[in-house]
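Engineer: The sequence and its predicted three-dimensional model are supplied below.
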Amino acid sequence: MSQPLVLQAKGLVKRYGQVTALDGADFELRAGEILAVIGDNGAGKSSLIKALSGATIPDEGEILLDGQPVRFRNPMDARREGIECCYQDLAVAPAMTIAENLFLGRELRREGFLGNVLRMLDKKKMLETAVERMADLKVGIRSMTQAVETLSGGQRQCVAVARAAAFARHVVILDEPTAALGVKEGNMVLELIRRVRDKGLPVILISHNMPHVFEIADRIHVARLGKRAAVLNPKKISMSDTVAVMTGAMKPEDIPADCLA
Amino acid sequence: MSQPLVLQAKGLVKRYGQVTALDGADFELRAGEILAVIGDNGAGKSSLIKALSGATIPDEGEILLDGQPVRFRNPMDARREGIECCYQDLAVAPAMTIAENLFLGRELRREGFLGNVLRMLDKKKMLETAVERMADLKVGIRSMTQAVETLSGGQRQCVAVARAAAFARHVVILDEPTAALGVKEGNMVLELIRRVRDKGLPVILISHNMPHVFEIADRIHVARLGKRAAVLNPKKISMSDTVAVMTGAMKPEDIPADCLA
Amino acid sequence: MDTLKSKLPPIGQLGPFIALLFACVFFASTTDNFLSGQNLSLILQQVMVVGVIAIGQTLIILTAGIDLSCGMVMALGSIVMTKFAVDLGWPWPLAIAAGVAATALFGLVNGLLVTRIKLPPFIVTLGTFNIAFAITQLYSKSQTVTGLPDEMTALGNTFALGGAQVAWGSLLMVLLYLGFWWWLRDTGAGRHVYAVGNSPEATRLVGIPTEKVLLQVYVIAGVLYGVAALLAVSRTGVGDPNAGKTENLDAITAVVLGGTSLFGGRGLILGSLVGAIVIGVLNNGLTLMGVDSVYQVLITGILVILAVTVDQLSRKGGR
Amino acid sequence: MDTLKSKLPPIGQLGPFIALLFACVFFASTTDNFLSGQNLSLILQQVMVVGVIAIGQTLIILTAGIDLSCGMVMALGSIVMTKFAVDLGWPWPLAIAAGVAATALFGLVNGLLVTRIKLPPFIVTLGTFNIAFAITQLYSKSQTVTGLPDEMTALGNTFALGGAQVAWGSLLMVLLYLGFWWWLRDTGAGRHVYAVGNSPEATRLVGIPTEKVLLQVYVIAGVLYGVAALLAVSRTGVGDPNAGKTENLDAITAVVLGGTSLFGGRGLILGSLVGAIVIGVLNNGLTLMGVDSVYQVLITGILVILAVTVDQLSRKGGR
Amino acid sequence: QSQPVIGLITKTETNPFFVKMKEGAAEEAKKLGAKLLTGAGKTDGDNAGQVTAMENMIAAGAKTILITPSDSKAIIPAIKKARDKGVLVIALDSPTDPVDGTDALFATDNYKAGVLIGQYAKASLAGKPAKIVTLDLFPGHPVGAQRHNGFLQGLGLQSFDAKNNELAKPAEVACMADSFGDQAKGQTAMENCLQKAPDVNVVYTINEPAAAGAYNALKKAGKDKNVLIVSVDGGCQGIKDVGAGKIAATSQQYPLKMASMGVAAGVEYAKSGKKPSGYTDTGVTLIAAKAVAGVDSKDVKTGTDLCWGNK
Ligand SMILES: Nc1ncnc2c1ncn2[C@@H]1O[C@H](COP(=O)(O)OP(=O)(O)OP(=O)(O)O)[C@@H](O)[C@H]1O
Ligand SMILES: Nc1ncnc2c1ncn2[C@@H]1O[C@H](COP(=O)(O)OP(=O)(O)OP(=O)(O)O)[C@@H](O)[C@H]1O
Ligand SMILES: [Mg+2]
Ligand SMILES: [Mg+2]
């Protein structure tokens, strides 16, 4: 139960003008777990994971990776540590193809002279890999050389999710990965999350879909008003109590101790 | 049961290059009903409602409003008929404020000379109305003069939903309005949809959220591969059978007759 | 709270004003007569043509377009109005109307090409730049038109205002700015200009006739170039076929210095006025300092960059 | 299927070529010697300077930037390389290197201002346009530099190719285009240029160092302007301090005619070559037809608009 | 025998001086039955554009090129290429450097034009100390430098020689600004200079549009009576302004004459193969409404008759 902490944050604060998106938020992710993060709209979930993945720099607070303090100045720093994130607003380049988006910033080069010296891309291999990855999600996309802007909302989301899952070496962060997905595709993403976890990588999953959360999460981090309200154990607490905590109907101190995690 | 048909489409076809998004889709919306449209990602749901709301022009097929054939050449034509649509990619102007987005293209003018001759906007009234509308959705947004680009994903969606609901005089179309919403906010949108229906307006609701669909829909239109696979009666059919029809596991002809609607 | 704040421009939009202030303080301290009322009103006169052109340019840039033809269209307008008055002997109000009609027509052509055939504004207006230039040269036979009726140059006359002589044309420019500021801020049509520039697709989807909005902007800009033509005529007292070559770059510079984004949808039209004045102040101040013309070019280059740097830094945090 | 299709440019990108074809057919039928090998190779020579500048301009425009300074920086480069060779007596390879270093430095300055202080490229390069002009004038004392070593003008020499005399410089231009085409299409660095222009925020979020990509593009463009400077020197045989004033507009026109979007992220670099050639063909063909020079301006304006119209119509359906 | 083809390349499209030149050439070509091609640089000082125009004209079959070189040195290699192909090249208006770069030169001396108005200004001042404003072309333009430096030379002040492209700035010059030869910009420049040097008594302008702009500025400031404006060109409008007392004196040049001489030489070359050679000075005449002692000048009537070689 007390696995080592992989990613940890203490007292994160992020202000946007008069709005305080994060108001002293704490966070703990353990090795090999699936941690769900839930909360009302505007509770600061996206702001939290943006700080964890280097997309924004928090005004206050500290982040520890494997117990060591780290400072991510940009997403590259986080990526270098093997943290991959699928953002809520997807972060895809609409005019570029699916294959290109999948490998953006992680392009495969050819072998030998062409790749090492001329730095030529191995487009064939990238295309093949893209076909494979998207097949995993069972999403019926005809051609990987289609521009992402021609995809349906759900298809686009699959591209972003597949990218994050494919390249992570340390932590995978998914911000509402199933929001636009159909029943089948949503289940495929849950399946994918499990596979990632089984490879030993911890996953942070933000979701508003309670059945999904209860199906897959090992622990539930409840965000409320820019803070962490509680961490719950989905095996002990009921779905309705969880929603009550989330919306503030149930005070954190009223939660039975055995439901905490 | 056999209410008059408000909006009807026959044999809609829409092709994008090699991709056929709509492949002879039929559609029927009855007066005063909530019609859910479900289907896999890429099944052509968004393409269907875009054709119904004038956002795209179908290559083939016809659309009838109150039994009269209509040709929408652009969203303005549909709006003039009182059809309002909340699109999946939201259609908001990110740099403009929430209040401005709510009233975009439907601005309120001042009374008297200032409004009629100088066409001056009544910003105060628009602001007040915006506060009211957003309060309906119980979404905690501090200021209506905030730019939409500073909102969280769910807050942004609320803006788009509120707009469509506020201005419709004939038909309301919502494309995955609850996808990014939290449990509480999602329920508020369902509540809003009911209120709209109770005013007598029919609502088209696209959603991947089966519990929502079964909670609220009067009939369920199942889209599959660019066609209408079936129209189901949620009071008779089970959720799992519905998913089976949607994914193609159950053939339309195998559906028990009393489950059709 | 909402209402008070929404009446003041956000601090981020004060950048251009700060840059102007810096420039003024600098020249006030390095030259003797920069701050004299007369010199300041002179600067206002010198920028009135570019200033009015920059209004039209701002509208177009707010829709994510650009207009390279503005100066040449203005030159054509001034030739048409002066030749109609002098050669054809039309009464001056009609002659002026003819000139404005010519520039409005060019605006209409630009607008139609942009909205109907969906051509990029850069190329369309580059084309009409050439066309307007050639027509101007051919129609005027490259000859300056002189002997205008006094009424046509009346806007160049001045009236006393607290010691300084202010030209009627400068006043007109300021009034036009205030009018369009109000229009953009307080009318639906004005807000739609921002919306089209900010997100054309979203604007179309909510049912605003985006093409009509665009077309209207190009025509309004054309009319404004006609007003600028009248100002140019009243300033120099002639119809000059050689005018208008650099006004496009000057006007775009004024707009960008004023903080309006070339990507459309964001900006404040009063900023363009400030931008135009900054250009005039640099030109005037450097001449007063007695800087050699090559060095003037050098320093202008540096100061333009500095001005936007000030603007950018004053916006800090407002990512 | 995927692979075959991905090797051919989509039909929508053939627009510029079609426009070029139209222009050629038109001039071939209205003049005698337009289609002669010699005339065609002449056109290639005439566009080589703008053509090479347009490569750098394309890269910058693909990142949603714009470079107004390109021509002036080129002029500065040609003055530096010729004065170093003639006045300082440096050996020609070193002198050329010095000129290219100067233009690359300007590219670096542009890039740093754009990436570090986040200034709009339009204003930054307008500033460096002025600065480069002033430095060129001051350093050359506005005097043309003559008496160059033959090696410096060797790229202007020609070799026989199937009856026509082709300049080495034209060949270099074409090779550079092919090289950058490959680079943009087949290397990660090239794809990142598109990504930054298409969606800077998404590119940043996937962990690509967007500022480094931008900076690199501006420096590469600077180096290309140095190459263009050498081509200009070898074409005219002198170092000309008054060169470079209109190359920015010409190059941007070539890029836009070639179908690249000024909003970044979309376009084909070979289109810019075609665009540059279209400009050269219009200029050449109209002179061959004996059209009066004012009418040439008029017709150029109309034809430029027609060229993009053809492009636009050939794209139909590809909304 | 086919029609002789003659190409005329001016510095720009718009300057009335070059427009007149084109008119003169067209008239002469029509008279002599030649075909005239015209071209120009894109801006003043655009050498590359002139080179391109020359190449295109030769490709179009021109055997004679008349050119007003934007850059006297930079154009030389291109002219050499043309002459090597047997094309007759004649410089109009201003010489190339070296002068024998072209077969012949039909031109005017811009430096001398400056000297003449300088001398006129000196005589008019009659010993009063000069306080000068110069409204120049723009940085780096040789003609701008020649007229400016010639003017100062004529005034007897420190100056540079005719080959220098820098502008001299003796102490008597209170303000220098660029007018780009444009009336509106000339007016702006003069207004600014008046702020700096309110007690100016001599204004030199690069051409008559700039002079008209300067006059406007002076008049608005109520100083038009006390200031002497001198200019160069001698266009019909400029001479009118001399007559109206706006401009005190201007150095008149003769573009029509240059052009018709050039065309005639081209036709002659096509017929007989005879090339003209050497420098033909088409002359500069000082035109002033009020003659001053010690300086030779012609009156406005003569100027009007001759304006740009009308008759
Ligand atoms: N760039 C920004 N500028 C200003 N305010 C911002 C910005 N980004 C976020 N906010 C504000 O911070 C608060 C938290 O936003 P955040 O996106 O973290 O919410 P969230 O929990 O992810 O919500 P959702 O479930 O709707 O995605 C919101 O009130 C939002 O308006
Ligand atoms: N502009 C376009 N260009 C090319 N293909 C398109 C375009 N728009 C949609 N498509 C294709 O049409 C198909 C149907 O798309 P549509 O958006 O209607 O699906 P959907 O049912 O709304 O899916 P989702 O549930 O993911 O939103 C998809 O395969 C998509 O790739
Ligand atoms: Mg979020
Ligand atoms: Mg959809």
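Structural biologist: Looks like it arrived, so ask away. Ligands and ions are numbered 1, 2, ... in the order given.

Engineer: Residue A:114 - how many residues pack around it?
Structural biologist: 14 (other Cβ atoms under 10 Å in any protein chain shown). (C-beta placed from N, C-alpha, C; glycine too.)

Engineer: Where does it sit, in terms of helix or strand?
Structural biologist: Assigned by DSSP states H and E, residue A:114 belongs to helix A:112-116.

Engineer: May I see the buried residues of that helix?
Structural biologist: Residues of helix A:112-116 include none that count as buried (16 or more other Cβ atoms under 10 Å in any protein chain shown).

Engineer: Name the residues that touch it?
Structural biologist: A:109, A:120, A:122 (Cβ atoms under 8 Å, 6 or more residues apart in numbering or on different chains).

Engineer: Just give the number of residues close to the residue in the stretch 151-300 of chain E positioned nearest to chain B.
Structural biologist: Closest to chain B within the stretch 151-300 of chain E is residue E:184: 35.1 Å, counting by Cβ to the nearest Cβ. If you count neighbours by other Cβ under 10 Å, residue E:184 ends up with 25.

Engineer: Just give the closest residue to it, not the sequence neighbours.
Structural biologist: Nearest residue to residue E:184 in three dimensions, chain neighbours excluded: residue C:236, at 5.2 Å (Cβ to Cβ, 6 or more residues apart in numbering or on different chains).

Engineer: give me phi/psi at that neighbour?
Structural biologist: phi -100, psi -20 (degrees, to the nearest 10).

Engineer: Residue A:250 now?
Structural biologist: Dihedral angles (degrees, to the nearest 10) for residue A:250: phi -110, psi 130.

Engineer: rewinding a little: from the contacts of helix A:112-116, pick the one nearest residue C:221.
Structural biologist: Of all the contacts of helix A:112-116, residue A:120 has the smallest distance to residue C:221: 47.8 Å, by Cβ to Cβ.

Engineer: Per-residue pLDDT of the closest residue to that closest one other than its chain neighbours, please?
Structural biologist: For residue A:120, ignoring the flanking residues on the chain, the nearest one in space by Cβ to Cβ, 6+ apart is residue A:114 at 4.4 Å. Looking at residue A:114, its pLDDT reads 84.

Engineer: and the gap between residue A:114 and residue D:177?
Structural biologist: In this structure, residue A:114 and residue D:177 are 21 Å apart, going by Cβ to Cβ, to the nearest Å.

Engineer: got it, and residue C:204?
Structural biologist: Counting by Cβ to Cβ, the gap from residue C:204 to residue D:177 is 37 Å.

Engineer: And for residue C:183?
Structural biologist: Distance, residue C:183 to residue D:177, using Cβ to Cβ: 47 Å.

Engineer: Quick check: buried residues in the helix or strand that the helix holding residue A:114 is followed by?
Structural biologist: Using DSSP H and E, the helix or strand that follows helix A:112-116 in sequence is helix A:123-136. Within helix A:123-136, the residues scored as buried using 16+ other Cβ under 10 Å are A:123, A:126, A:127, A:129, A:130, A:133, A:134, A:136.

Engineer: I'd guessed the third one sits against residue A:134; true?
Structural biologist: Translated: residue A:127. No. If you go by Cβ atoms under 8 Å, residue A:127 and residue A:134 don't touch, sitting 10.8 Å apart.

Engineer: Show me what residue of the stretch 101-250 of chain E gets nearest to chain C.
Structural biologist: residue E:192 (3.9 Å).

Engineer: just to revisit the earlier point, may I see the contacts of helix A:112-116 arranged in TSV, with distance to ligand 3 as well?
Structural biologist: As requested, these are arranged in TSV below (distance: Cβ to the ion, whole Å):
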residue	distance to ligand 3
A:109	35
A:120	39
A:122	35
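
Engineer: so which of those comes closest to chain C?
Structural biologist: Distances from chain C to the contacts of helix A:112-116, taken by Cβ to the nearest Cβ, are shortest for residue A:120, at 32.6 Å.

Engineer: residue contacts, that closest one?
Structural biologist: Going by Cβ under 8 Å, 6+ apart, the list of residues near residue A:120 reads A:109, A:110, A:114, D:186, D:187.

Engineer: and of the residues you listed, the nearest to residue C:34?
Structural biologist: residue D:187 (53.9 Å).

Engineer: Counting neighbours, what do you get for the closest one?
Structural biologist: 18.

Engineer: correct me, but it touches residue A:119?
Structural biologist: Yes. If you go by Cβ under 8 Å, residue D:187 and residue A:119 touch, sitting 4.9 Å apart.

Engineer: Would you quantify the distance from the spatially most central residue of chain C to ligand 4?
Structural biologist: With distances taken as Cα atoms, centre = their mean, the residue of chain C nearest its centroid is residue C:54 (1.8 Å). Distance of residue C:54 to ligand 4, computed by Cβ to the ion, to the nearest Å: 43 Å.
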